[in-house]
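Chemist: Below: sequence and its predicted model.
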Amino acid sequence: MPQIIPIDDPDDPRIEPYRDVRERDLVGRDGLFIAEGAVVVRSLVVSTRYRARSLLLAGKRVEALGPMLAQLPPDTPVYTASQPVLDRIAGFPLHRGILALGEKTAIPTAAGLLESCGPVARVALLFGIGNHDNMGGIFRNAAAFGADAVILDAGCCDPLYRKAIRVSVGATLLVPTARLAEGEDPLALLDRFGFEAVALSPAGSETLAALTPPRRAALLFGSEGPGLPPALLARARSVRIPMAGGFDSLNVATTSGIVLHHIASGQAALDPA
């Protein structure tokens, strides 16, 4: 078991990374980020791509979290505090009573993730997704429907933002992810590894229901409003989800769940050889 370290002073320098986390998210600071809540922190503890640098718990939660703490390396600091002290550290009432400071242990490339996929695979490519709720929702769907990877363009927000991790229920820590390199042609990259690009658009040329899932499917999702860049749509197979009453669009996270379910269900019958 790691050492349990009591904290009585909210200004203790050892817990400085946890101070005022709502206003001072750690995304982008040397690969560090904050995970919040028992489910999310458990995902961090078991992740092979990230590690917990330390934990900060409400003292009353320590005993119940014992099995999870036992999975940590013994040199991982686990700080505990009373609820009033914990709330002052975080800068808001921390009802979940558990935070962790995480860091990346490996940064894969988009090419590396695509190359590692099996003969039957599905990946999501995101373009310009700037809303953290949508980012978390997409990752949650990717985990639920067994996506092999999520690949982001430069215009996407960071999936390690605290809110995105929380909305994803820890899926951003579990689903392999990478960013496209600057100037990298995503469709050329997909073609290189034998993936068929399926672009989601309200103006798609065919319906999702009529789509036979490719053996290696790359599902392209754009931001709400602008959608996918026209240059990508022109080069990919475009698919739409028909809606009642002339309603023109779905939330992108909702769309991702519908599409990933359709692809996963169709691929289940394919021979993996």
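Modeler: On my side now, so go ahead. Residues are numbered from 1 along each chain as shown.
Chemist: contacting residues around residue 20?
Modeler: By C-beta atoms under 8 Å, 6 or more residues apart in numbering, residue 20 lies in contact with 90-91. In this view, the C-beta of every residue, glycine as well, is placed from N, C-alpha and C.
Chemist: any residues touching the helix or strand harbouring residue 111, and which ones?
Modeler: Secondary structure assignment for residue 111, by DSSP states H and E: helix 110-116. If you take C-beta under 8 Å, 6+ apart as the criterion, helix 110-116 is touched by 123, 148-149, 151, 176-181, 184, 186, 189-190, 192-193, 195.
Chemist: May I have it exported as PDB, CA atoms only?
Modeler: Taking C-alpha atoms only, helix 110-116 is exported to PDB below (Å, rounded to 0.1, in the frame of the first residue of the first chain):
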ATOM      1  CA  ALA A 110      -1.700   8.400 -35.500                       C
ATOM      2  CA  ALA A 111       0.200   6.200 -37.800                       C
ATOM      3  CA  GLY A 112       1.300   4.000 -35.000                       C
ATOM      4  CA  LEU A 113      -2.200   3.500 -33.700                       C
ATOM      5  CA  LEU A 114      -3.600   2.700 -37.200                       C
ATOM      6  CA  GLU A 115      -0.800   0.300 -37.800                       C
ATOM      7  CA  SER A 116      -1.500  -1.600 -34.600                       C
END
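Chemist: hang on, the earlier thing: show me the contacts of helix 110-116 that map onto helices.
Modeler: Within the contacts of helix 110-116, residues falling in helices by DSSP state H are 186, 189-190, 192.
Chemist: Where does pLDDT dip in this protein?
Modeler: Counting by pLDDT under 70, the chain shows low-confidence ranges at 22-30, 246, 248, 273.
Chemist: The helix holding residue 111: which residues count as buried?
Modeler: 110-111, 113-114 (16 or more other C-beta atoms under 10 Å).
Chemist: count of neighbours near residue 190?
Modeler: 22 (other C-beta atoms under 10 Å).
Chemist: Give me the distance between the residue nearest to it when sequence neighbours are not counted and residue 229.
Modeler: Of all residues not flanking residue 190 in the chain, residue 218 sits nearest, at 4.7 Å (C-beta to C-beta, 6 or more residues apart in numbering). From residue 218 across to residue 229, the span is 15 Å (C-beta to C-beta, to the nearest Å).
Chemist: So which of the two has more stuff around it?
Modeler: With neighbours defined as other C-beta under 10 Å, residue 218 and residue 229 compare such that residue 218 has more, 28 against 17.
Chemist: SS state for the more buried one?
Modeler: Classification of residue 218 using DSSP: H, G, I helix; E, B strand; the rest coil returns strand.
Chemist: Same question for residue 239.
Modeler: strand.
Chemist: Can you tell me, leaving aside adjacent residues, what's nearest to it?
Modeler: residue 204 is the one closest to residue 239 (C-beta to C-beta, 6+ apart), at 4.4 Å.
Chemist: From the contacts of helix 110-116, keep the buried residues only.
Modeler: 123, 148-149, 151, 176-180, 186, 189-190, 193, 195.
Chemist: how far away is the closest residue to residue 145 other than its chain neighbours from residue 66?
Modeler: Excluding the flanking residues, the one nearest residue 145 by C-beta to C-beta, 6+ apart is residue 260, at 3.9 Å. Applying C-beta to C-beta, the value for residue 260 to residue 66 is 36 Å.
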